[in-house]
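Engineer: sequence and predicted structure below; questions after.
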Amino acid sequence: MDTGMLVRLGAVVFVALVITATAIEMTRKGEAPAPHLAGPPGRAEPDPLREELHRCALLGEAGGRDPGCLAAWAQNRARFLSPKASNRQEAPEP
């Protein structure tokens, strides 16, 4: 046999294996994947800071002049950017 014939035969066998594997995978009966939930299904108490930030986002450019929005943004920055007290205690001393 020449090389061209072996290459064609290999390609046919490969395609047949791919079709067989696809058919087996499509007929397989398995568990349905669990739906991905972004957060808890329901909250007991609403977050007032989150609601205020949402209100400020709806204000658009006027939110930059609103004192309530400025206070909410400052509180949000402090919540995420300030070092936590527990982290300061766990840091190794030099």
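Structural biologist: Cool, got the structure.

Engineer: drop to CA atoms for contacts and neighbour counts, all remaining ones
Structural biologist: OK.

Engineer: could you pull up the mean pLDDT of stretch 25-34?
Structural biologist: Across stretch 25-34, the average pLDDT comes to 80.

Engineer: ends of that stretch, how far apart?
Structural biologist: 19 Å (C-alpha to C-alpha, to the nearest Å).

Engineer: how far off centre is it?
Structural biologist: Chain-centre distance of stretch 25-34: 24 Å, with C-alpha atoms, centre = their mean, to the nearest Å.

Engineer: and if you look at stretch 18-32?
Structural biologist: 28 Å.

Engineer: go on, stretch 52-70?
Structural biologist: The answer for stretch 52-70 is 27 Å, by C-alpha atoms, centre = their mean.

Engineer: cool, stretch 70-89 as well?
Structural biologist: 23 Å.

Engineer: could I get it in CSV with only the CA atoms?
Structural biologist: Presented in CSV, the C-alpha positions along stretch 70-89 are these (Å, rounded to 0.1, in the frame of the first residue of the first chain):
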residue,chain,number,x,y,z
LEU,A,70,-21.4,60.7,48.6
ALA,A,71,-21.9,59.1,52.0
ALA,A,72,-22.9,55.8,50.6
TRP,A,73,-19.9,55.7,48.3
ALA,A,74,-17.6,56.6,51.2
GLN,A,75,-19.1,53.8,53.3
ASN,A,76,-18.7,51.3,50.4
ARG,A,77,-15.1,52.3,49.9
ALA,A,78,-14.4,51.9,53.6
ARG,A,79,-16.0,48.5,53.6
PHE,A,80,-13.9,47.1,50.8
LEU,A,81,-10.6,49.1,51.0
SER,A,82,-9.9,49.5,54.6
PRO,A,83,-7.8,46.9,56.4
LYS,A,84,-9.8,44.7,58.7
ALA,A,85,-9.0,44.5,62.4
SER,A,86,-8.6,40.7,62.2
ASN,A,87,-6.0,41.0,59.5
ARG,A,88,-3.9,43.5,61.5
GLN,A,89,-3.8,41.1,64.5
